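Engineer: Have a look at this fold, sequence not included:
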C-alpha cells in the first residue's frame, strides 16, 4: 500500500474573522491562520509538520481531523472530500482518522478506567459484544507495551509516558489509516520520549498506519518523518523528503530554525543565524514574503512580491525569491 | 574574595507527608564559581527544581523541609538566616527566573510598576530617576521601545518578551548568583536562542554565576561550562560540559545522552532506558540507578558508591567507573 496518496490537502485556507461588538458585530479583519497549503500524506508514511507557535500547524491538523471547516480548499481522504460528511459517513471518517495530543494528563477522562476509555471507540463503531471488545482492549494494551490487567486502572495510576501509551491505544482501537500526532512526545522526559518514538515506529510498521506528526523539535521529526513540511505564518515555506531537507536546508527561515536547534554536544555551531524580532501578527502579516522583515537575505523584491513555492530538486520545494533563477 | 560563590554541601530536602517521607533532595553537593554557568540536568522528579527552591529558601507549602546540609553563599550559610534576612538576600545576592513568565509577573500591574518595585527595594530615589532606571533595565534586556513598554501590562507582551522582563527584574539587584529554572522551555526555538544569548551577555557584563536547570542537553551544550546530572535526589555525575558529552562515565548519563534524537548521524532505533526511577519514598540502600543499569553487580545493590574522581573536575557516583 505504501506509495499512494492516502490524504490530499489542496489549497487549504482558514481565515478566522476578528470581530468587535456582539449584536452588531463588525468584522475588523481576518486572521489568516492557514493560507493556501497543499500537501499529501501517503499510506503508511509519516509527514512532519514543523513551525513555531502561530504558524498554522495546529489549525491545519484540526481541519484534517474535521474539527474545523476550511474557508477555502479541500481535504481528500482516499479521494473523497472529508468536509460536509454527515451521520454514518462522518463516523466512518472519524474511525479512519484518529489523534494523539501533547498532554497525556488532559486527554484521558480521570473518572474512567483506561480500559473503558480505549473501548469507547470500539463501542461507538459497533465493534461487537463485550467479550470481543475486552479481547481487543487487551490486545491494544499489549501492542502499546502495557499489561492487559492495567485496563482496570485509572489514569492517575499511570506515569506520563504510560498515559501517552494509553492515548495511543485508544487512537489505534478503530484501526485508523491516519493518526494526527500533535506534539506527542514533547511533554515526556528524554528517556521516555525515545521509548514512545520507537513504539510509534513499530506500530507504523505493524499496522501500516500513516502519521501526521505536528512537532517543533527538528530532531524528533528527523527520526520519525519520511517527508517534512515547514510552515511560517500560515504558509508552506519549504517541503521535501526529510533526508533531502536535512541534507540541503534552503529557505532562510528553515535555515534559521535549524541553526536555532541546540545540538546536544559541546561548542557552538559553525553558522549561527539569530533571527531578530518575533513572528509578526497573522492579522497583519508583512507584504510580499511574510518572512522578509526578519530575513538576513531580504531583497527589495521580497517586500513587494510573494514568492511561489517552486521545486528546486525532485520533491524539494521552496518559497523564496533567492531561488527564482534556479 | 574566594573563587567559589556558592557551595552546597550534603543538602537534604524532604516532604513529610502523612503516608511517608519523600526524599526529593537527598544528599546534593556542588559548588558554583564566580562567573560560571553550571547546568543541573535531570528528568522530571529527580529533584532539580526542589534543589533550586531550597537554595532560595522558597519551599512549597505542604510539608517540605530542608533537614540537613549547608548552602554557603560567599561563605555564609544562608540556611541559618532568618526569614527577614532572607528577603534582603533574595534579589540582591541570589535571584531566580522560572519557566513560566506568566506566573512570575502580576497581571494587574504594569511592567514599569513591577520593575520599580525591584529597583526601589534596592535604592530609594525620586520617581523620575527610578523610572529612568527601569527604562534602562528594559533596554538592557533588549526590549525595543522601552519607554512605551514600561506602561504596558504583561498580557500585551509575547512570551519571549515577558521572560525578558522577568530577567530584567531578576538581575536588577546585581545578584552574585542567578538560578534559571527551565527559563526557555515555554519559548519557541528561535526565541529560545535569542534569550540564551541575552543571558550569556548579561552574565558577561555582571560577572554573575548562573545555575541553569534544564532537561535539554542542547541547552546545556549552548550555555554551560560545567554540568551536574541528577537522578533520584542526588547528583550522580558532574564535570566539564565537553567531557560529559564526549566521555560520560555514569551509566545513567550515558544512557540519557544516547536516548536524545540527534540532528546528524544514522536514523535508527533510539536507545531507551527501561524501567522507572525508584520511588522517592522507598529509596534503595545501594546505587539508585542499579535497577535499570546494565552493568549492575552485587556491590551496587548493597552500598551507595559515592563520588569517584574520573578526571580533572569530573566525578561520577558509580562502582564501575575507573578512578583516576
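Structural biologist: Received, thanks. What you are looking at is a predicted structure, and each value in this text was computed from that prediction instead of being measured.
Engineer: Tally up the residues packed near the closest residue to chain A within the stretch 201-324 of chain B, please.
Structural biologist: Closest to chain A within the stretch 201-324 of chain B is residue B:218: 3.0 Å, counting by C-beta to the nearest C-beta. (Each C-beta comes from the backbone N, C-alpha and C, glycine too.) By other C-beta atoms under 10 Å in any protein chain shown, 20 other residues sit near residue B:218.
Engineer: What strand or helix carries it?
Structural biologist: Secondary structure from DSSP states H and E places residue B:218 in helix B:217-223.
Engineer: Need the residues that contact that helix.
Structural biologist: The contact list for helix B:217-223, computed with C-beta atoms under 8 Å, 6 or more residues apart in numbering or on different chains, reads A:190, A:261-268, B:37, B:39, B:41, B:184, B:192-193, B:196, B:199-200, B:210, B:212, B:214, B:227, B:241, B:245, B:256-257, B:260.
Engineer: Give me the next element, helix or strand, following that helix.
Structural biologist: strand B:226-231.
Engineer: how about the residue nearest the centre of chain A, secondary structure?
Structural biologist: For chain A, the residue sitting closest to the mean C-alpha position, by C-alpha atoms, centre = their mean, is residue A:214 at 2.7 Å. Classification of residue A:214 into helix, strand or coil gives strand, according to DSSP: H, G, I helix; E, B strand; the rest coil.
Engineer: quick one on the thing from earlier: which of the contacts of helix B:217-223 fall in helices?
Structural biologist: Using DSSP state H, the members of the contacts of helix B:217-223 that fall within helices are A:190, B:192-193, B:196, B:199-200, B:241, B:245, B:256-257.
Engineer: and which of the residues you listed is nearest residue B:278?
Structural biologist: Nearest to residue B:278, judged by C-beta to C-beta, of the ones in helices among the contacts of helix B:217-223 is residue B:256 at 16.2 Å.
Engineer: Give the burial count for that closest one, as a bare number.
Structural biologist: Residue B:256 has 26 neighbouring residues, counting by other C-beta under 10 Å.
Engineer: check contacts around it.
Structural biologist: Counting by C-beta under 8 Å, 6+ apart, residue B:256 touches A:190-191, B:41, B:43, B:217, B:229, B:273.
Engineer: Could you identify the least confident member of those?
Structural biologist: Confidence by pLDDT is poorest for residue A:191 among the contacts of residue B:256, given 82.
Engineer: Let me know whether that one touches residue B:43 as I believe.
Structural biologist: Yes. Between residue A:191 and residue B:43 there is a contact at 6.5 Å, judged by C-beta atoms under 8 Å.
Engineer: Please identify which of the two sits among more neighbours.
Structural biologist: Each of residue A:191 and residue B:43 has its neighbours counted (other C-beta under 10 Å); residue A:191 has more, 24 against 21.
Engineer: check contacts around the residue nearest to that one when sequence neighbours are not counted.
Structural biologist: Nearest non-adjacent residue to residue A:191, counting by C-beta to C-beta, 6 or more residues apart in numbering or on different chains: residue B:273, 4.1 Å away. Counting by C-beta under 8 Å, 6+ apart, residue B:273 makes contact with A:191, A:194, B:252, B:255-256, B:259, B:292.
Engineer: Could you do residue B:187 as well?
Structural biologist: Residues near residue B:187 by C-beta under 8 Å, 6+ apart: B:159-160, B:163, B:195.
Engineer: Please apply the same query to residue B:224.
Structural biologist: Residues near residue B:224 by C-beta under 8 Å, 6+ apart: B:37-39, B:212, B:241.
Engineer: In the stretch 1-150 of chain B, which residue sits closest to chain A?
Structural biologist: Closest contact between the stretch 1-150 of chain B and chain A, by C-beta to the nearest C-beta, is at residue B:43 (4.0 Å).
Engineer: Can you say which of the ones in helices among the contacts of helix B:217-223 are buried?
Structural biologist: Among the ones in helices among the contacts of helix B:217-223, the ones that count as buried by 16 or more other C-beta atoms under 10 Å in any protein chain shown are A:190, B:192-193, B:196, B:199, B:241, B:245, B:256-257.
Engineer: now, among those, which is nearest to residue B:82?
Structural biologist: Nearest to residue B:82 among those, counting by C-beta to C-beta, is residue B:199 at 31.3 Å.
Engineer: For that closest one, give its distance to residue B:223.
Structural biologist: The gap separating residue B:199 from residue B:223 is 7 Å, by C-beta to C-beta, to the nearest Å.
Engineer: What of residue B:208?
Structural biologist: Separation of residue B:208 from residue B:223 (C-beta to C-beta): 13 Å.
Engineer: How about residue B:26?
Structural biologist: Distance from residue B:26 to residue B:223, counting by C-beta to C-beta: 26 Å.
Engineer: try residue A:131
Structural biologist: 57 Å.
Engineer: Skipping adjacent residues, who's closest to residue A:212 in space?
Structural biologist: Leaving aside its chain neighbours, residue A:212 sits nearest to residue A:180 (4.7 Å; criterion: C-beta to C-beta, 6+ apart).
Engineer: does that neighbour have beta-bridge partners, and which?
Structural biologist: Note on residue A:180: beta-bridge partners residue A:99, residue A:212, judged by DSSP bridges.
Engineer: Where does pLDDT dip in the chain?
Structural biologist: Using chain A. A:1-3, A:264-271, A:326 (pLDDT under 70).
Engineer: my question was about chain B
Structural biologist: Where chain B drops into low confidence, which here means pLDDT under 70, it does so at B:1.
Engineer: now the strands: where do they sit in it?
Structural biologist: B:4-17, B:20-33, B:37-41, B:64-73, B:76-77, B:94-97, B:177-181, B:209-214, B:226-231, B:234-240, B:308-311, B:314-316 (DSSP state E).
Engineer: Run me through the strand neighbours of the third one, direction for each.
Structural biologist: In the sheet containing strand B:37-41, its partner strands are strand B:209-214 (parallel), strand B:226-231 (parallel), by DSSP bridges.
Engineer: Let me know the angle separating the first one from strand B:177-181.
Structural biologist: Regarding strand B:209-214 and strand B:177-181, their directions subtend 10 degrees when assessed with axes from the mean of the first three to the mean of the last three C-alpha atoms, to 10 degrees.
Engineer: what's in contact with strand B:209-214?
Structural biologist: B:5-6, B:32-41, B:48-49, B:51-52, B:55, B:176-182, B:185, B:199, B:203, B:219-220, B:223-224.
Engineer: PyMOL command to pick out the buried ones of those residues?
Structural biologist: Selection of buried members from these for PyMOL, criterion 16+ other C-beta under 10 Å:
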select buried, chain B and resi 5+6+32+33+34+35+36+37+38+39+40+41+48+49+51+52+55+176+177+178+179+180+181+182+199+203+219+220+223+224
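Engineer: ok, how many other residues are close to the closest residue to chain B within chain A?
Structural biologist: Taking C-beta to the nearest C-beta as the measure, chain A has residue A:262 as its residue closest to chain B, at 3.0 Å. For residue A:262, the neighbour count with other C-beta under 10 Å is 22.
Engineer: Next, the contact list for it, please.
Structural biologist: Taking C-beta under 8 Å, 6+ apart, we find residue A:262 in contact with B:192-193, B:196, B:216, B:218-219, B:221-222.
Engineer: What of residue B:176?
Structural biologist: By C-beta under 8 Å, 6+ apart, the residues touching residue B:176 are B:5-6, B:34, B:73-74, B:93-94, B:208-209.
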